[in-house]
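quick one, fold the following:
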Amino acid sequence: MNNLFYYVLAVIAGVMLASQSGINAQLRTAVGNPVIAALISFLVGTFFLSIYVLLFGNQTDGILKTLQQMSLYKWAGGLIGALYVTGVIIVAPRIGATNTAGLIVAGQILFALFLDHYGLLGFVQHSINYMRLAGALLLIAGVFLILKN
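Reported below is the predicted structural model:
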């Protein structure tokens, strides 16, 4: 499949992520607690993923055995997601959607360069070179320009 599809999908994911921070912040206001808001958010996601798996989950054979044999660190994605969503729920209403997204992007870019350079966590190894570093620095410079509102 053409990479353009994946680029568009990534942009759509970014749109959803920016929307999610505002929606979850409103949820926090409604329930009065960022952790409960994050829990509700994850429960809704779990509900819809469960329905998807029930309807289309034809690749679930042997999943229990796979889960039992899986390295412990591979379970950390759920924890990281919970911490991320809770953090955004706390931060976004205080610093705004753009500042939140910009700082998240800066953190992602810096750590992604590190992960790619060493090929960690299953990523294809892409060494840091001047072009990648220049691109990352331009993105981070853009974040700082946005923060200078």
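
give me phi/psi at Asp61?
When read as degrees, to the nearest 10, the backbone of Asp61 gives phi -60, psi 130.

what about it, how many neighbours?
9 (other C-beta atoms under 10 Å). Quick note: C-beta positions are derived from backbone N, CA and C, even for glycine.

try the one 3 residues further on
By the other C-beta under 10 Å criterion, the neighbourhood of Leu64 contains 9 residues.

so what's the residue lying closest to His117 once chain neighbours are set aside up against?
Excluding its sequence neighbours, the residue lying closest to His117 (C-beta to C-beta, 6 or more residues apart in numbering) is Ile128, at 4.7 Å. Going by C-beta atoms under 8 Å, 6 or more residues apart in numbering, Ile128 touches Leu113, Asp116, His117.

pLDDT averaged over the helix ranked longest in the chain - what is it?
Ranked by number of residues, the top helix in the chain under DSSP state H is helix 3-31. On average, the pLDDT along helix 3-31 is 90.

try stretch 78-86
For stretch 78-86, mean pLDDT rounds to 93.

next, Gly96: phi, psi?
According to degrees, to the nearest 10, Gly96 has phi 90, psi 160.

look up how far Ile146 lies from it.
10 Å (C-beta to C-beta, to the nearest Å).

cool, Leu120 as well?
29 Å.

check Ser21 too.
From Ser21 across to Ile146, the span is 15 Å (C-beta to C-beta).
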